[in-house]
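[1] Model the following, please.
(one chain, ligands or ions: 6)
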Amino acid sequence: MAQKLAFTAFAALIPLITAQQIGTDTPEVNLPLPTWKCTTSGGCVQQNTSIVLDWNFHWIHQVNSSASCATSTGAINSTLCPDEATCAKNCAIEGIPNYASSGVATSGDALTLHQYTQSNGVTSNASPRVYLLGADGNYEMLQLLGQELRFDADVSTLVCGENGALYLSEMDATGGRSQYNPGGASYGSGYCDAQCPVQTWINGTLNTNSQGACCNEMDIWEANANATALTPHPCEGDTCDKSGCGFNPYAQGVHSYYGNGGTVDTLKPVTVITQFYTSDNTTTGSLSEIRRLYMQDGKLIQNAVSTSTAGLDSITASWCTSSDASAASLGGLTTMGQALGRGMVLIFSIWNDGGQFMNWLDSGSNGPCSSTAGNPASIEAQTPGTYATFSNIRWGDIGSTFEESGASSPSSTAMSTSTSTTTVAKSPAQSQYGQCGGNGWAGPTACAAPHTCTLLNPYYSQCL
Ligand SMILES: *[C@@H]1O[C@H](CO)[C@@H](O)[C@H](O)[C@H]1NC(C)=O
Ligand SMILES: *[C@@H]1O[C@H](CO)[C@@H](O)[C@H](O)[C@H]1NC(C)=O
Ligand SMILES: *[C@@H]1O[C@H](CO)[C@@H](O)[C@H](O)[C@H]1NC(C)=O
Ligand SMILES: *[C@@H]1O[C@H](CO)[C@@H](O)[C@H](O)[C@H]1NC(C)=O
Ligand SMILES: *[C@@H]1O[C@H](CO)[C@@H](O)[C@H](O)[C@H]1NC(C)=O
Ligand SMILES: *[C@@H]1O[C@H](CO)[C@@H](O)[C@H](O)[C@H]1NC(C)=O
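    Numbering: from 1, shown residues only. Ligands and ions are numbered 1, 2, ... in the order given. Take a look at the predicted model:
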């Protein structure tokens, strides 16, 4: 296991007093990425959060030498690392010298991930994965049971086969920080997910018996410009629901909803809101429903209504267990909700898929892409500049992280329906997508025909 005595650049200057060495070449400087925690009563408070690249993107070398601790195949050198304690003595981990060279950049509250980087005319596959850290150097543990998460996404350059992902895994808050891994979360250690990846390191320690790193995973957003999926993956121990009971509008039969020029127009920035309702509306109840809303140009857009499962427009506990036997056997949304209640780590990544060309997301019955469009070789040749941006990340009470704007001006559709004198309403009627009710709402409560006022939550009703 690689060693760090401390986490700051200054500490690297402290004389070493034990045989255990730290990487002193490059301090890890996590990139600031402010986020907000919100309540309905107190509004949103900025958090001093930052991001760190995954552990495997860090250079691990032999102490007193610049030779790698990895072998030519990328595995750990078992002579240097027969066990954790010996590995900690022989090997050191360095910080990321330049996040931009690893395809990661921040600007204000926006994080941009690039699939490829270019240097001296050479294109490299960066495919970064980063985690959200709290101000204490541990992972920020988002507790989203009975709460909502909001962010803005730019998916406009994410072509077929690309996946710009924002999701949660139930990683250890410290990244498995220990005597042999003092860096822990601030060096990006401890990754796990519901696919149970077998990696050199597990929970921050050397993985000497090829164990899979299994944990609850909530895929809030796996998306490109052509397709999007929202998928819970509950686990019990080392058994996980690897496919998950996901909601992809296209796979639900609604083909014009999400995409280039769609109801949710992926050529423009999109606000994505995901709400985790419990059966008793508390933050400790049983997760009963995962709802999705979008906002574009200040207007709220309801989720697609499935045509393949009549009327379904969210992931309900009953649909999850009836459509996915694996979810059913693992406790479905109840299990997922317990993990959301305990707290999960927010992860951002961009990747493509040499094995399946991401067909499970955007091709065949899942999306409009051809089955070969997602070949990474064609993406690299044709759109090496592909990137994902996530910004304005907020979480907290349901209804507290977003606000509609510009929705009260009547739409031309509403105006033209009122040209028939017999249907003109005397009191002002709200136009489509406009607000028509909610706690504290003093505006119009009637909707222009043919729209009806629909309750979304106690704070918001909308003309739909
Ligand atoms: C973030 O840091 C600033 C400056 O140090 C501080 O004033 C503020 O209270 C911090 N915010 C939180 C939520 O801790
Ligand atoms: C492991 O490291 C030792 C010490 O540097 C080196 O002699 C040996 O060749 C390395 N083994 C592999 C497989 O790289
Ligand atoms: C590194 O060098 C120091 C100082 O020469 C020495 O005490 C230490 O044992 C060396 N560590 C390793 C793992 O070679
Ligand atoms: C991960 O490591 C931490 C710190 O050593 C430990 O407290 C925790 O129980 C470990 N988690 C798992 C799942 O092994
Ligand atoms: C929870 O909130 C929803 C939305 O406001 C409401 O329809 C439902 O009746 C509430 N359930 C309970 C048990 O209070
Ligand atoms: C996928 O999205 C890209 C980027 O907007 C677009 O150019 C392309 O036409 C889309 N492909 C399909 C099959 O819809």
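
[2] and G176, which of the three is it?
    Recorded secondary structure, G176: coil (DSSP: H, G, I helix; E, B strand; the rest coil).

[3] Just confirm it contacts A213, I think it does.
    No. In this structure G176 lies outside contact range of A213 using C-beta atoms under 8 Å: 10.2 Å. All C-beta spots, glycine's among them, are computed from the backbone N, C-alpha and C.

[4] Now for those two: what residues contact both?
    When contacts are counted by C-beta atoms under 8 Å, 6 or more residues apart in numbering, G176 and A213 are jointly contacted by 202-203.

[5] Please work out how many residues are found near G108.
    Neighbours of G108 under the rule other C-beta atoms under 10 Å: 10.

[6] Same question for G298.
    G298: 12 surrounding residues under other C-beta under 10 Å.

[7] Also P269?
    Around P269 there are 17 residues (other C-beta under 10 Å).

[8] for the one 3 residues further on, same thing?
    Applying the criterion other C-beta under 10 Å, we find 23 residues in the vicinity of V272.

[9] ok, it to L168 distance?
    Distance of V272 to L168, computed by C-beta to C-beta, to the nearest Å: 14 Å.

[10] intersection of neighbour lists for the two?
    Jointly contacting V272 and L168 under the rule C-beta under 8 Å, 6+ apart are I220.

[11] in the stretch 301-450 of the chain, which spans are helices?
    Using DSSP state H, counting those that start in this stretch, the helices of the stretch 301-450 of the chain run over 317-323, 325-329, 332-342, 359-362, 376-382, 412-417.

[12] Out of the ones you listed, which gets the lowest mean score?
    Between the helices of the stretch 301-450 of the chain, the one with the least mean pLDDT is helix 412-417; it has a mean of 32.

[13] Contact distance from ligand 2 - what residues of this structure qualify?
    Contacts of the chain with ligand 2, taken as C-beta under 6 Å from any ligand atom, map to 62, 67, 71, 77, 79-80.

[14] Same list, these, but as JSON lines with neighbour count and pLDDT please.
    Below are the residues of the chain next to ligand 2 laid out as JSON lines (neighbours: other C-beta atoms under 10 Å; pLDDT from 0 to 100):
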{"residue": "Q62", "neighbour count": "15", "pLDDT": "95"}
{"residue": "A67", "neighbour count": "10", "pLDDT": "95"}
{"residue": "T71", "neighbour count": "12", "pLDDT": "94"}
{"residue": "N77", "neighbour count": "18", "pLDDT": "96"}
{"residue": "T79", "neighbour count": "10", "pLDDT": "96"}
{"residue": "L80", "neighbour count": "19", "pLDDT": "96"}
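
[15] Which of those residues lies at the shortest distance from ligand 6?
    Checking these against ligand 6 with C-beta to the nearest ligand atom, the nearest one is T71 at 39.8 Å.

[16] ok now do the closest residue to the closest one other than its chain neighbours, which residues does it touch?
    Among residues not flanking T71 along the chain, N77 sits closest, at 5.4 Å (C-beta to C-beta, 6 or more residues apart in numbering). Listed by C-beta under 8 Å, 6+ apart, the contact set of N77 reads 68-71.

[17] Now restrict these to buried residues only.
    By neighbour count, with 16 or more other C-beta atoms under 10 Å, the contacts of N77 hold 68-70 as buried.

[18] Output those as a markdown table; include the columns pLDDT, secondary structure and distance to S365.
    What follows is those, written out as a markdown table (pLDDT from 0 to 100; DSSP: H, G, I helix; E, B strand; the rest coil; distance: C-beta to C-beta, whole Å):
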| residue | pLDDT | secondary structure | distance to S365 |
| --- | --- | --- | --- |
| S68 | 95 | strand | 44 |
| C69 | 96 | coil | 45 |
| A70 | 94 | strand | 41 |
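
[19] Which of these sits closest to ligand 6?
    A70 (36.8 Å).
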